[in-house]
Every structure is written in C-alpha cells, then in structure tokens.
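A.B. asks: Take this sequence and fold it.
(chains A and B)
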Protein chains: 2
Amino acid sequence: MKSFVNYPENSDFSIYNIPFGVAVFNKEYIACATRIGDIVIDLATLYDFGYFNDVEGINDNVFEAYTLNEFIELGKPVTTAVRKKIQELLLEGSLLSKDEKSIEECFYNLDQVKMMMPVHVPNYTDFYSSIEHATNVGKMFRNPANALLPNWKHLPVGYHGRASSIVISGTDIHRPKGQMKPADADSPVFGPCKQLDFELEMAFIVNKNTEMGESISTSQAEDAIFGMVIFNDWSARDIQSWEYVPLGPFLGKNFGSSVSPWVVTLEALEPFRTASPQQEPEVLDYLKFSGDKNFDIQLEVYLQPAKGTEALISKSNYKFMYWNMCQQLAHHTVNGCNVEVGDMYASGTISGTDSNSFGSMLELTWRGQNPLKLNDGQERKFIEDHDTVIMRGWAQKGDIRVGFGGVTGTILPAIL
Amino acid sequence: MKSFVNYPENSDFSIYNIPFGVAVFNKEYIACATRIGDIVIDLATLYDFGYFNDVEGINDNVFEAYTLNEFIELGKPVTTAVRKKIQELLLEGSLLSKDEKSIEECFYNLDQVKMMMPVHVPNYTDFYSSIEHATNVGKMFRNPANALLPNWKHLPVGYHGRASSIVISGTDIHRPKGQMKPADADSPVFGPCKQLDFELEMAFIVNKNTEMGESISTSQAEDAIFGMVIFNDWSARDIQSWEYVPLGPFLGKNFGSSVSPWVVTLEALEPFRTASPQQEPEVLDYLKFSGDKNFDIQLEVYLQPAKGTEALISKSNYKFMYWNMCQQLAHHTVNGCNVEVGDMYASGTISGTDSNSFGSMLELTWRGQNPLKLNDGQERKFIEDHDTVIMRGWAQKGDIRVGFGGVTGTILPAIL
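C.D. replies: Residues are numbered from 1 along each chain as shown, chains lettered A, B, ... in the order given. Next up, the predicted model:
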C-alpha cells in the first residue's frame, strides 16, 4: 500500500497503522483524529465532508467529541470499517487525494496540534503479567529462593489502580511525598519519595459496557478490545514498600500514570501476532485460549536528564508477557465484574530475561545497587527531579511498520 | 423544629436530616430529591417554582439531573444554604406549607418513587480503618500473636476498589465465580464462591475536583466532604484469600458493592460528633487533627433468609473508627493524588470490640467456626443464595434523629 501522504520509511504512523486520538487543532478546536506520518487529520471535519457516508453503523458525527469513547462504543464492526475507510482514503489516487478543499481543512502539521487524553477512563486495572518482572520483584522484596508467589502461575494477578491520575504524554508529574520507613529506622518518616521509578507497560482499552454478572470469555475478549497504548506506571518504591501489605499498592502509584496519545487498534497489530509462552502448570478452563494471542511489539525506554542527551536504558518486548490480554479480560470478568467503554487494563511491567530488558529502574539497578551510567557520565539509581522518561514502541515485519510514537513525562520537584 | 409534614418519631428522615438523592418519580421522570418522613420531594420542580431564587450561588436547575454531581460540585457554602432553605420550607407555617400547587407537584409518597445511584462515582477507595476489624482479620489469616501489621497504626491503610460495580440499594447481586484454593488441595479449583460475605461500612462523598500535585489537609478535609452513605462491600472470602497476595483484593470484591440511596450531609451529622480514639504511637504531622472528628452513628445488620424472618446479626457504631475521614482524605492526597466530584471513600468494615458488633460474617462466625443462629432455627456460616442483607444506620441525640434508611441487597445464585 502506498499513501499520497509522504512519510519516512521508519515512521510509526504508516498507512498500515491508522491510529485514533483526540487533538486540539490550532489551540482552539478539539476533535477526534488520526495520523499518517507527521500529518494529523481532523476526523470530525472529514465526516462533515461526507467521507464516511457509506460506512454502515456510523450515523452521527461521533468525532465531534473530547474523547474517543462514543466512537469506540460503536463496536468492532464499525470501528474496523472506519479504519479501513480512512486507509483507502489515504491511498494514492483516492478521491480524497484529489480533494484539495478537504485536505486543506482536515490536514494539520504536527506543530499545529496538541494531543489530549484519547479516552475518558472509567476504570483502570493494572496486571502483573510478566513472569520476569514478578520474579525479579519477588527476589528483591520477598524470598529469592521462591520468588514467584503460589497463585502467580494460576491466575493473572492484578489490582485496581487510580483512574483520575492517568494523564496524557507530556504532562509533568510532581515527585510524590509520603510515608517511608528506612530499613534502619524504628518509625516511618515523611518527605519526598527518594526512590521514584517508572514502569514500562502497555494497556488495552475496552469498547463495550457489560452488565454485572456477565463474563467475557477468552474467545470473546478480542472483540471487546479496541486498541492499545504505551503506559508508564510511575511508582514510588519507598512509599509502596511501606504501605502495600496487606491491601496492595496505593499512594506509591496513584500520583500519576502517563499514556501515549495514539490508540493503535488490534487490527493494525494483526500482522505481529506471535505465540504465547507455554503455561505450566496448565491453567483452569476459563483461562484456556487458542491461537496466537501475544504481539511482537518492540519497546524502548530512554532517560533524558535535564542536562545531557537521552540514553537508551531498556529494550524490551510485549511478546514476553506470560498472561495475554484475552486471559486478563476473561479473568477480570469471570466473577461478574462489569466493564465500561474506555476502561484501561495495563499489562504490568514488561521485563525480558536479559538485564538490559528490565522495565523499571528497580530491576535495572537492582534496587539501586548497580547505578545506570547515562551517556554523559551521569549515574542514576532512581529517577531524579527534571529527568524525562521516554518510552517508545513499534512493531515491524518486513516493510510493514506500525508504532505507538511514545509516551514522555518529566518529573518536577515535590511541592513543599 | 416542627415540620408541616407528619412523620413518626423514629423516622430517619426528620426535619433535622434533609438528605439528598436521585429518584425516578412515577416510573418516568428523574430528578434530584430530598426526603422528609415518607415523603420524597422533587427538587427540580421545587426549583422551577422559584423556591431557591434567593439562595446565592445556584443559578441553574442543577436538580434536573440523573446524579447529584453537579449540585455537589457547587461546594459547601451553596449546598449548605440549599439544605437550610429546604429545612425552612418544610417548617410549620412556611410559604411552601400554604402552596398547595407546589406540594401537589413536588411531593410524592414513597411508593411512587424508585431510588437511583445518588452520584456518578469516578473513583472509589476502600480503607481499612477499624482497629478491631484489622485485628480480627490479622488473627485469622496471619499471626494471632501480632495481628496488626507494622504500618497499620502509622497510616490509614487503603486500596483502590472498582467503581463500575457500585450499585444502589435493592439491586440483586449474583454470587461470583472464581478461583479458590481449598486448604487441603494442591491446586486451585474454579466454581461459585462458597464464602460469600458482607462488610458493614460507611462511605463519604467528595464535592470537588483537585489538580494533580494538590493535597487536602486534615483541616481542609471536611469542606471537601459533601456527605455519607452506608456501604456494603460484598466480599468473596475464598476468592480473596487465594488472590490477594501481593497486590490486594481484586475479584473477591469487584463483583458488587451496595450503597444506601440518601446522602446524609456532614451538616446533618454535626450534632453527633464525638471524640476520636487516642492514637498511639503519635501520628506524623500531616495526619494530626484537632476537634471531634468521629461521629456517633449506630449501625445494624440484619439477615433475611428467603424463608423466615429477618434477624439482627450485628450492632456496631461508626464512632469506633481508629482513623477518621479527615485523616483518610489527607493521607490519600498527601502524595498529590487528585480527587474528583462524586468520589466515594469507604471506611472499611466497622467492627466494635464485642463479638456481636463485628461487621462481617467472617468475624461474626470466626471464619465459619461458630455459625450464627437465625430467628427460625436456620444457621449461617456465610451468606447463602436468596439471603438478603440489610444494613441500617442512624444517629440520635435527645429528640434529634438523623438516619440513613438502609441498604439492602439479595444474593442470587451464580450464573452457570
């Protein structure tokens, strides 16, 4: 496929992608959008020009909106048809390619656009589905000889996170304050977190509302998943380790999570399916699945100090996940828990087996024992004030490249 | 104070209460409402009749809504003035008492009304703030000699719960299915929960949106709290005990929580303030507070089997809480976690010291060891299918009585 829009060979936003997001155009007008190369397209105006008239099931201008929720809720058959229509319209020789007026009114350069949160997130859950990450954490905080807890291989462990503090890429995050208990202290102390960390994750977004009591099986799950984003689950390790027993992470997490602006659909990720790791012991029936349910998505984390150049500090891959999205959603709903349009379900930190593929500073520096060396001689045990963390993700197969762009976030000093 | 509306002396909805809720009137029309005795008043129509014209700060008919969120967001000065105005209007000899047309159009009998969820809940947090409950659970599941965990007296332990499955009183809940690991089994099994439980809790509702990075101090907290409801945090003990290490409760909780329909304001609860328990060791500065921050609210739990009469199974009191609402909100936001209008913050199970004041079947039957005897010879270790759990709460001081009515929920069989 070749588009009439030119873009570099290594663009994440090729004609094979067609992601969805929400943009502020020229600082004044908000609408749902897609992107090809470095061009962002206003879908609400494109709708008004009649380009979606022949797509069945879309009878309102759902792109005239501050979130993708209304569009997503139309369901797979419609959102898939819309994506396909956009792809056709962007091909060389298409009707749109010759329609100068529509191009003038709908196409924007990147610098004319600011991205917003793509969806309103009614509920957010964070899983813990990388066996390498769970093993690393278990070794550090619990029992090195028996790092994985007894339930870990039987169910995708997860917990509810805070929806209110999920923010769009580029939003600054203040270093959290809180209670910590230093190993050598008798009592906890209060102050700015000293062990601020990122977690490299991906999250999927659900496209339907279910009733309480209803479950989504592993075979139904993909129909309920609109697409994915990259997710940075900022973590305050010292706050977390003092608070988390017995009810789980709380203030160590809920001060902020950052997501990438473009939702890449499952359809765009189709070419990158790959086999899931063997699960042993065998899982219970409701967690069984067939087919390739993992996705080969390359992930990178960069650390950019206030002064100095950005340094690549981790190379991981989403295909490492032990538990896949279908299992996560089936488990989450097997008890009748209802889901809502826009819900975000994050993977948990995505670590590989190599020490340079770990998805958090905690693991990369082994709890600060082995500081990371950055490009210009600086060292880091954890994230310092004014550091920027950048996560990038893309999938590539032959000439076909589909990516997420990135998610960035800068840590500002604690508010004292 | 005496109202022109007659009600029994022991009514929860006296002239001193004036709670807020959302009602469906005559099966067709939805609006915000208040209640006195057994009369439910349509506030949207009362607004249209001009009765709030002289209340400063309320310039739109925010009662024409499916939730209280818009009204609550007006903030304390306005919501307090509105409540006071309603109270005046309901007094003997008031303008309203002589306005037959308004009474005819705004006043409904209970049987003409169905209550809805009072607020949209963007975020839900559950605390664990009763020392008796935390001690009981610690004894049963962890170390009887050292039941409280080291962090418990230093911070109000809490976790994020599932907002999507909070439902209004009267909504049936299906018994959840899930993974459980019987003590004598090598591997987990799947099936309907066998240890279904309630948790007697109260929850407060927040009236403002804060920015990320902002904190609410203990002295600011009450201005940010609109009011309270009774909260039944249904729990599947067998699912919970297998899943909850290390990230906390998940499917053991998120299949449903039930709330009472009338939000009782902090102003209505003012006469029932009482001293908080002594906190020892001393808490960190950000958790210190002055004044009486606990509330003397009597709580009762009844179990109504499908056949048989309802039996009183627990008598507790909200004043037993070790951590108060101001401390909970200050802790939750001290790291910069933002709050949203309508957020619900539940107390955790409210147990007293006596064994008949425990707030869950888990504690009342000591994990099933001592079954409860109901009125008609039936016994219960946990909640059975078709059982209804009813929680009631009210405060009384001399002639002044302010109550919550109740929250009820019936357990239906698992969907197989």
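A.B. asks: the strands in the stretch 101-250 of chain A, which residues?
C.D. replies: A:107-109, A:113-116, A:124-127, A:158-160, A:166-168, A:173-174, A:177-180, A:189-192, A:196-197, A:200-206, A:225-232, A:235-236 (DSSP state E, counting those that start in this stretch).
A.B. asks: Residue A:414 contacts residue A:190, doesn't it?
C.D. replies: No: look at residue A:414 against residue A:190 with CB atoms under 8 Å: they stay out of range, at 11.1 Å. From N, CA and C alone the C-beta is placed, and that goes for glycine too.
A.B. asks: Rebuild the strands of the stretch 101-250 of chain A as a markdown table, extending it with mean neighbour count and mean pLDDT.
C.D. replies: As requested, the strands of the stretch 101-250 of chain A are exported to a markdown table (neighbours: other CB atoms under 10 Å in any protein chain shown; pLDDT from 0 to 100):
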| stretch | mean neighbour count | mean pLDDT |
| --- | --- | --- |
| strand A:107-109 | 15 | 98 |
| strand A:113-116 | 18 | 98 |
| strand A:124-127 | 25 | 98 |
| strand A:158-160 | 26 | 98 |
| strand A:166-168 | 21 | 98 |
| strand A:173-174 | 22 | 98 |
| strand A:177-180 | 24 | 98 |
| strand A:189-192 | 14 | 98 |
| strand A:196-197 | 25 | 98 |
| strand A:200-206 | 27 | 98 |
| strand A:225-232 | 27 | 98 |
| strand A:235-236 | 28 | 98 |
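A.B. asks: Quick one: those as a markdown table, columns for distance to residue A:137 too.
C.D. replies: Output for the strands of the stretch 101-250 of chain A, formatted as a markdown table (distance: least, CB to CB, whole Å):
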| stretch | distance to residue A:137 |
| --- | --- |
| strand A:107-109 | 43 |
| strand A:113-116 | 32 |
| strand A:124-127 | 13 |
| strand A:158-160 | 14 |
| strand A:166-168 | 22 |
| strand A:173-174 | 22 |
| strand A:177-180 | 18 |
| strand A:189-192 | 23 |
| strand A:196-197 | 11 |
| strand A:200-206 | 14 |
| strand A:225-232 | 17 |
| strand A:235-236 | 11 |
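A.B. asks: now the residue of the stretch 301-416 of chain A found nearest chain B, nearest residue through space, not along the chain?
C.D. replies: Closest approach between the stretch 301-416 of chain A and chain B, counting by CB to the nearest CB: residue A:335, at 3.7 Å. Spatially, and ignoring its direct neighbours in sequence, residue A:335 is nearest to residue B:176 (3.7 Å; CB to CB, 6 or more residues apart in numbering or on different chains).
A.B. asks: Residues in contact with both of residue A:414 and residue A:190, list them for me.
C.D. replies: residue A:177 (CB atoms under 8 Å, 6 or more residues apart in numbering or on different chains).
A.B. asks: doesn't residue A:369 make contact with residue A:355?
C.D. replies: No: the pair residue A:355 / residue A:369 is not scored as a contact, 12.0 Å apart, by CB under 8 Å.
A.B. asks: who's more crowded, the two?
C.D. replies: residue A:355 (13 against 8; other CB atoms under 10 Å in any protein chain shown).
A.B. asks: Break chain A into its domains for me.
C.D. replies: A:21-116, A:124-412 (automatic domain parsing).
A.B. asks: Could you point out the longest strand of chain A?
C.D. replies: Secondary structure of chain A per DSSP state E: the longest strand is strand A:400-412.
A.B. asks: just to revisit the earlier point, identify whichever of the strands of the stretch 101-250 of chain A lies nearest to residue B:183.
C.D. replies: Ranking these by distance to residue B:183, with CB to CB as the measure, places strand A:158-160 first at 24.1 Å.
A.B. asks: Neighbouring strands - and their directions - for the closest one?
C.D. replies: strand A:124-127 (antiparallel) (DSSP bridges).
A.B. asks: Need the residues that contact the partner strand.
C.D. replies: Contacts for strand A:124-127 (CB under 8 Å, 6+ apart): A:156-163, A:166, A:201, A:233, A:253, A:257, A:323, A:328, A:332, A:343-348.
A.B. asks: From residue A:273, how far out is the nearest residue to residue A:252 once chain neighbours are set aside?
C.D. replies: Using CB to CB, 6+ apart and skipping residues adjacent in sequence, the residue nearest residue A:252 is residue A:240, 2.7 Å away. Distance, residue A:240 to residue A:273, using CB to CB, to the nearest Å: 34 Å.
A.B. asks: and what of residue A:280?
C.D. replies: 22 Å.
A.B. asks: more neighbours, these two?
C.D. replies: residue A:273 (16 against 7).
A.B. asks: That one pairs with what?
C.D. replies: residue A:295.
A.B. asks: So residue A:228 is in contact with residue A:206, correct?
C.D. replies: No: look at residue A:228 against residue A:206 with CB under 8 Å: they stay out of range, at 11.3 Å.
A.B. asks: ok, back up a step: tell me how many other residues surround the residue nearest to residue A:252.
C.D. replies: Counted with other CB under 10 Å, residue A:240 comes out at 22.
A.B. asks: Show the contacting residues for the residue lying closest to residue A:93 once chain neighbours are set aside.
C.D. replies: Setting aside the residues directly before and after it, residue A:93 is nearest to residue A:4 in space (CB to CB, 6+ apart), at 7.4 Å. Contacts here follow CB under 8 Å, 6+ apart; on that basis residue A:4 touches A:90, A:91, A:92, A:93, A:94, A:97.
A.B. asks: redo that, cut-off 10 Å
C.D. replies: Counting by CB atoms under 10 Å, 6 or more residues apart in numbering or on different chains, residue A:4 touches A:15, A:36, A:89, A:90, A:91, A:92, A:93, A:94, A:96, A:97, A:98, A:103.
A.B. asks: for residue A:326, same thing?
C.D. replies: Contacts of residue A:326 by CB under 10 Å, 6+ apart are A:204, A:216-222, A:224-225, A:276, A:287-291, A:293.
A.B. asks: just residue A:354 next, same as before
C.D. replies: By CB under 10 Å, 6+ apart, the neighbours of residue A:354 are A:132, A:314, A:315, A:316.
A.B. asks: Can you name the residues bridging to the last one?
C.D. replies: In this entry, residue A:316 is beta-bridged to residue A:299, by DSSP bridges.
A.B. asks: What values do phi and psi take at residue A:363?
C.D. replies: Backbone geometry at residue A:363, expressed as degrees, to the nearest 10, gives phi -80, psi -40.
A.B. asks: what pLDDT does it get?
C.D. replies: In this model, residue A:363 is scored at 98, pLDDT.
A.B. asks: and if you look at residue A:142?
C.D. replies: So, for residue A:142, pLDDT stands at 84.
A.B. asks: Repeat that for residue A:376.
C.D. replies: Looking at residue A:376, its pLDDT is 88.
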